[in-house]
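J.: give me coordinates for this.
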Amino acid sequence: MMMMKARLLTLALLSTVPATGLASQVLWGSARLATNYLSSGAPETLGDDFTFQLGAFEAGFVPTAANTEEWLDHWTPAQSTQYNGHTHFFTGSFVYQQNESPFLPSNQGYIFGFNRWASSEGSDHAEWILATDPSWQWPSGGAISPPVQWSMSNASTVILGSIGDASDSYHMQTARIPTPVASLDGALWAKRYNRAPGDPSSSPDSDQDGLSDDLEFFLSTNPLEPDQGRHPTTNVIREDGVPYMELAFFKLGLLPGTSIGVEVSPDLENWSGDDEAFEVIENSLLVYRARSVAPMTDNSGRYYRLKVYVTP
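T.: Numbers count the residues shown, from 1 in each chain. Next up is the predicted model:
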């Protein structure tokens with residue numbers, strides 16, 4: 001049995017739907033069943049790894065194709081949604097009662113699509129698209145007015161990537177850029193997945209993959225997509241015919257300041273720490289491996305858990 005333990009920080013969903021009162025609404029998305037290409041063109045189409053965010057940049061910052069490395073410092077998402085690789089579109093509905101910076105009527109709204117922000121997410125290059133339109137001004141919060149609709153189909157200004165017109169064979173095409181950061185820190189992780197600090201007494205598992213959202217924060221993994229391959233693996237290793245338990249963990253992208261370790265228990269109540277129970281075989285940038293000090297020579301049950309915590 002593998003138990004996971006996350007300490008010190010809990011994350012929860014950022015609620016954007018007001019409970020009561022008048023509300024303004026932005027319906028946003030892209031054309032359904034459209035052909036959307038990566039920068040390399042046909043036949044490379046967008047996949048489920050793409051996220052699209054509705055949001056805004058800080059007042060005074062103007063995003064251009066020449067300053068992409070600065071975008072993340074100035075970008076604030078209002079809402080995130082995953083691209084559907086089967087139906088080839090994305091859609092969202094952002095509802096709010098009052099305007100908060102940078103979502104002010106005087107500020108421009110944007111739709112930002114991407115597959116990664118950091119090289120620790122899988123590549124030194126990313127595929128991004130950013131679009132807007134002069135009419136995309138944030139409605140006054142709580143006003144009595146119908147929803148506004150912002151679609152990639154009517155975006156007249158494309159800062160990065162491209163949007164096809166009626167004569168083109170595609171709807172959207174992303175642009176390839178170097179990833180701006182090596183790994184996601186806490187602030188970028190929260191922005192990347194549109195999460196915010198929540199109630200420390202609870203930690204949801206948004207994607208139901210067995211890793212709580214706060215644990216995924218420590219691991220810098222996607223809390224919206226299950227089976228990220230970040231569960232520790234266990235193997236029985238034999239030395240001179242004697243079996244030992246070995247645990248391995250892929251740690252690339254671990255949140256800076258985060259430490260990990262292993263504990264073992266015979267009864268889920270009394271736990272032994274790393275030095276007593278495990279010998280660390282490898283603790284590199286990529287992999288953590290620890291092997292049990294005591295051999296597995298009896299039939300008694302043992303329980304293992306991975307500790308994940310932030311060093312004060």
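J.: mind pulling up the pLDDT for Arg238?
T.: According to the predicted model, the pLDDT of Arg238 comes to 88.
J.: ok, now which ones touch it?
T.: Counting by C-beta atoms under 8 Å, 6 or more residues apart in numbering, Arg238 touches Tyr244. Placement of C-beta: from N, CA and C, glycine included.
J.: bridging residues for it?
T.: On DSSP bridges, the residues paired with Arg238 through beta bridges are Pro243.
J.: check the gap between it and Arg291 for me.
T.: 11 Å (C-beta to C-beta, to the nearest Å).
J.: go on, Ser40?
T.: Noted for Ser40: a distance of 44 Å to Arg291, by C-beta to C-beta.
J.: could you list the low-pLDDT ranges of the stretch 51-200 of the chain?
T.: Within the stretch 51-200 of the chain, the ranges that satisfy pLDDT under 70 run 196-200.
J.: and the closest residue to Gly164 other than its chain neighbours, how many residues sit next to it?
T.: The spatially closest residue to Gly164, leaving aside those adjacent along the chain, is Tyr170, at 4.7 Å (C-beta to C-beta, 6 or more residues apart in numbering). For Tyr170, the neighbour count with other C-beta atoms under 10 Å is 15.
J.: how about Tyr170, phi and psi?
T.: Dihedral angles phi and psi of Tyr170 (degrees, to the nearest 10) take the values phi -140, psi 160.
J.: joint contacts of Arg238 and Arg291?
T.: Counting by C-beta under 8 Å, 6+ apart, the contacts common to Arg238 and Arg291 are Tyr244.
J.: quick revisit: my guess is the residue nearest to Gly164 meets Ser39, correct?
T.: No - shown here, Tyr170 and Ser39 do not form a contact pair, counting by C-beta atoms under 8 Å, at 11.7 Å.
J.: re earlier: out of Ser40 and Arg291, which sits in the busier spot?
T.: In this view Ser40 and Arg291 are compared by other C-beta under 10 Å, and Arg291 has more residues nearby, 19 against 11.
J.: quick check, the more buried one in a strand?
T.: Yes - the assignment for Arg291 by DSSP: H, G, I helix; E, B strand; the rest coil puts it in a strand.
J.: and it, what are its bridge partners?
T.: Going by DSSP bridges, Arg291 is paired in beta bridges with Glu246, Glu279.
J.: I'm done for today, thanks for sticking with me.
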